[in-house]
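Asks: model this:
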Amino acid sequence: MRTTSVAGYRPDEQVLVSVVVPTRNEAANVEPLLRRLDAALADLPSEVIFVDDSDDATPEIIKALRGSVRMRIRVHHRPAPYRVGGLGGAVTEGIRLCHADYAVILDGDLQHPPEVIPELFAAAGAGDVDVVVGSRYVHGGSASGLANGRRRVVSSAANLLSRMLFPLRLRGVSDVMSGFFLVRIAALDLDRLRPNGYKILLELLVRSGGLRVAEVGYVFGERHAGSSNASMSEGVRFARRLFSLRLPRAARFALVGASGTLPNVFGTAFLHHSGMHYVPAAVIATQVAILWNFVGADLLVWERGNQSRIRRYVPFALLNNVDLVIRLPLLGLFVERWHISLGTATVATLAIAVGVRYMLVDRIVYGEHRPTVRNPFRSPRRSITGAAGEAEA
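Replies: Presented below is the predicted three-dimensional model:
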């Protein structure tokens, strides 16, 4: 059962800022983080909410420290079955638990300096602003804490790509990849969020729309202890999320299917020109294209649920081969009866099949095996219902 424990909270006290810290195995970092938060926010009534996905002693260490700092400390621990949405999901749940009108999001590894939080809050109060982004790419900012040159290149490229894909929604935002920012909670439409992975700021800015943004420069520091939670799988997760934010599912499926015409058309042509009859050539090329399309659909179109990749591939391939059996007579009609070129006939018959294939794959391959964990992001603000509960500590 997920629980939220609270230390030092009295309902009659006004909280101006809630600090949401998503943590995963940060046992070595939480004490220095809390010390710096407590010092930085000494003059600002505040609380800190740890949304914890750890498998180590992080939550126990946080609770043991609660009597040694002035800030209100709350711990919302999510056991493995309830870690919906990764870090972005943790942040979204944390925002719903906030007692303040403003929430500050920062990581638990001390790469985001707590001392900058008063500047973020001051920038929010200085004008009509909904989001204040801690940016590494404006005056006073630096990305020097990124582990190496490769990480810097990847971060800059992801930032540039995001701004190119959403030029209006992200106009004026220099650091879309930032995990350090302040939001006015009333300006957010949390029910529209579908966070999946690390980059929750991108999700907030794109999904909510019309948010007024300011930026404050900060120096991205080195990780205090432990190893980064960033990985190749998180990079793939980000690419999927960016793609899904830009295009609806049906359009993504059509785009993946369109890309599959390349191995299909060129494979068929190559085998046919090598002396093979066009029918077996089309069969073999189609198998290659089916594998191509499955990888694309699995990465970019659907949530994969709990089934293994091979158990998803088998019905996917069967459906596509049934499609091939139906399509081949049509292909023969185009080529033999109407004397249409093989390439044009292949493209035409593939286009006819896309709509039917999308509906069948969505229903049969992925529809029955989507994750069954209840989506917590549609709960009312400040209340996590279902498997979650609040417990006074």
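Asks: For residue 53, see how far away the residue lying closest to residue 341 once chain neighbours are set aside is.
Replies: Nearest non-adjacent residue to residue 341, counting by Cβ to Cβ, 6 or more residues apart in numbering: residue 335, 8.0 Å away. Every residue, glycine included, has its C-beta placed from N, CA and C. Here residue 335 is placed at a distance of 56 Å from residue 53 (Cβ to Cβ, to the nearest Å).
Asks: that older thread, please name the residues that touch the residue nearest to residue 341.
Replies: Residues near residue 335 by Cβ atoms under 8 Å, 6 or more residues apart in numbering: 278, 341-342, 345.
Asks: JSON lines for those, including neighbour count and distance to residue 262?
Replies: Shown next, in JSON lines, are the contacts of residue 335 (neighbours: other Cβ atoms under 10 Å; distance: Cβ to Cβ, whole Å):
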{"residue": "278", "neighbour count": "20", "distance to residue 262": "18"}
{"residue": "341", "neighbour count": "11", "distance to residue 262": "17"}
{"residue": "342", "neighbour count": "17", "distance to residue 262": "15"}
{"residue": "345", "neighbour count": "23", "distance to residue 262": "16"}
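Asks: Let me have those residues in JSON lines, extended by pLDDT and secondary structure.
Replies: Converted to JSON lines, the contacts of residue 335 look like this (pLDDT from 0 to 100; DSSP: H, G, I helix; E, B strand; the rest coil):
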{"residue": "278", "pLDDT": "84", "secondary structure": "helix"}
{"residue": "341", "pLDDT": "90", "secondary structure": "coil"}
{"residue": "342", "pLDDT": "85", "secondary structure": "helix"}
{"residue": "345", "pLDDT": "85", "secondary structure": "helix"}
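Asks: contacting residues for residue 38?
Replies: Residue 38 neighbours (Cβ under 8 Å, 6+ apart): 69-71.
Asks: Can I take it that it is in a helix?
Replies: Yes: the assignment for residue 38 by DSSP: H, G, I helix; E, B strand; the rest coil puts it in a helix.
Asks: low-scoring stretches of the stretch 151-300 of the chain, by residue?
Replies: Residue ranges of the stretch 151-300 of the chain with pLDDT under 70: 197-198, 223-237.
Asks: Break down it into its helices, ranges please.
Replies: Counting by DSSP state H, counting those that start in this stretch, the stretch 151-300 of the chain has helices at residues 200-208, 232-246, 249-273, 278-300.
Asks: quick revisit: wait, is the residue nearest to residue 341 part of a strand?
Replies: No: going by three-state DSSP, the assignment for residue 335 is helix, not a strand.
Asks: how close does it sit to residue 221?
Replies: Distance, residue 335 to residue 221, using Cβ to Cβ: 64 Å.
Asks: Touching stretch 238-254 from outside, list them.
Replies: Residues from elsewhere that reach stretch 238-254, judged by Cβ under 8 Å, 6+ apart: 158, 161-162, 165-166, 196-199, 202-203, 206-207, 255, 297, 299-302, 354, 358, 361-362.
Asks: What's the local residue count around the nearest residue to residue 177 once chain neighbours are set aside?
Replies: Sequence neighbours aside, residue 159 is the residue nearest to residue 177 in space, at 4.9 Å (criterion: Cβ to Cβ, 6+ apart). A total of 22 residues lie near residue 159 under the criterion other Cβ atoms under 10 Å.
Asks: Residue 112 contacts residue 106, correct?
Replies: Yes: using Cβ atoms under 8 Å, residue 112 is in contact with residue 106, at 3.9 Å.
Asks: who touches both of these two?
Replies: Contacts common to residue 112 and residue 106, judged by Cβ under 8 Å, 6+ apart, are 134, 179-180.
Asks: Closest one to residue 59 out of those, please.
Replies: Nearest to residue 59 among the shared contacts of residue 112 and residue 106, counting by Cβ to Cβ, is residue 179 at 20.6 Å.
Asks: re earlier: doesn't residue 166 make contact with the residue nearest to residue 177?
Replies: No: because the distance of 11.6 Å does not satisfy Cβ under 8 Å, residue 159 is recorded as not touching residue 166.
Asks: Quick check, pLDDT for residue 16.
Replies: We have a pLDDT of 93 for residue 16.
Asks: before we move on, what about residue 76?
Replies: For residue 76, pLDDT reads 93.
Asks: Just confirm it is within a strand.
Replies: Yes: membership of residue 76 in a strand is supported by three-state DSSP.
Asks: surely it meets residue 53?
Replies: No: in terms of Cβ under 8 Å, residue 76 does not count as a neighbour of residue 53; the distance is 10.0 Å.
Asks: which residue packs closest to residue 174, ignoring adjacent ones?
Replies: In space, and not counting its chain neighbours, residue 174 is closest to residue 137: 4.3 Å by Cβ to Cβ, 6+ apart.
Asks: and the one you found, what does it touch?
Replies: 143, 159, 174-175.
Asks: any idea how far it lies from residue 252?
Replies: Residue 137 is 30 Å from residue 252, by Cβ to Cβ.
Asks: Next: residue 338.
Replies: Counting by Cβ to Cβ, the gap from residue 338 to residue 252 is 32 Å.
Asks: any idea where the strands of this structure begin and end?
Replies: Counting by DSSP state E, the chain has these strands, from start to end: 2-7, 17-23, 46-52, 72-77, 102-105, 131-135, 181-184, 213-217, 388-392.
Asks: neighbours around residue 66, how many?
Replies: 19.
Asks: Relative to residue 332, how far out is it?
Replies: 75 Å.
Asks: And residue 263, by the same measure?
Replies: 21 Å.
Asks: So which of the two has more stuff around it?
Replies: residue 263 (19 against 15).
Asks: so who does the more buried one touch?
Replies: 285, 288-289, 292.
Asks: Perfect, I'm done here.
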